[in-house]
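Visitor: Would you be able to build a 3D model of this:
(one chain, ligands or ions: 2)
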Amino acid sequence: MKRLTDTGPGIAPDALAQIWAPFYTTKAEGTGIGLSIVRSLVEEQPGTAITVESRLGVGTTFRLTMPAIGVAPARPSAS
Ligand SMILES: Nc1ncnc2c1ncn2[C@@H]1O[C@H](COP(=O)(O)OP(=O)(O)OP(=O)(O)O)[C@@H](O)[C@H]1O
Ligand SMILES: [Mg+2]
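Guide: Ligands and ions are numbered 1, 2, ... in the order given. The predicted model follows:
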């Protein structure tokens with residue numbers, strides 16, 4: 001799992017679902033393309049997922065999970 005956290009402005013809860021949409025941007029000169037391309041690339045890869053968590057005024061974390069290549073899947077723990 002790869003995790004990237006920033007200390008930027010954060011994303012409002014009602015905007016969180018929209019950030020993946022093509023051409024959605026809150027930047028004056030943004031294209032809104034970046035995250036829609038990221039989502040397309042993630043969806044092309046079986047077992048791969050990206051999630052976002054954000055707090056307004058605090059920052060944003062993106063988490064990317066993907067299966068390891070050539071490694072047997074971990075067994076569920078017995079706990
Ligand atoms: N790390 C972040 N912190 C706060 N808002 C974010 C973050 N990443 C994305 N967003 C929000 O999601 C929107 C869409 O992001 P996306 O990368 O798709 O396009 P963009 O950054 O606006 O445009 P461009 O990629 O052309 O600069 C942004 O405009 C912003 O509102
Ligand atoms: Mg961007």
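Visitor: Could I get the average pLDDT for stretch 7-17?
Guide: For stretch 7-17, mean pLDDT is 96.
Visitor: contact partners of it?
Guide: Residues outside stretch 7-17 that contact it (Cβ atoms under 8 Å, 6 or more residues apart in numbering): 19, 26, 52, 54-60. Backbone N, C-alpha and C define where each C-beta goes, glycine included.
Visitor: restrict the residues you listed to those near ligand 1?
Guide: 19, 26, 60 (Cβ under 6 Å from any ligand atom).
Visitor: For the last one, grab the count of nearby residues.
Guide: A count of neighbours around residue 60, defined by other Cβ atoms under 10 Å, yields 19.
Visitor: related to what we said a few turns ago, kindly reformat the contacts of stretch 7-17 as a markdown table containing distance to residue 77 and secondary structure.
Guide: A markdown table is the format used below for those (distance: Cβ to Cβ, whole Å; DSSP: H, G, I helix; E, B strand; the rest coil):
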| residue | distance to residue 77 | secondary structure |
| --- | --- | --- |
| 19 | 34 | coil |
| 26 | 41 | coil |
| 52 | 27 | strand |
| 54 | 30 | strand |
| 55 | 30 | strand |
| 56 | 36 | coil |
| 57 | 37 | coil |
| 58 | 32 | coil |
| 59 | 31 | strand |
| 60 | 30 | strand |
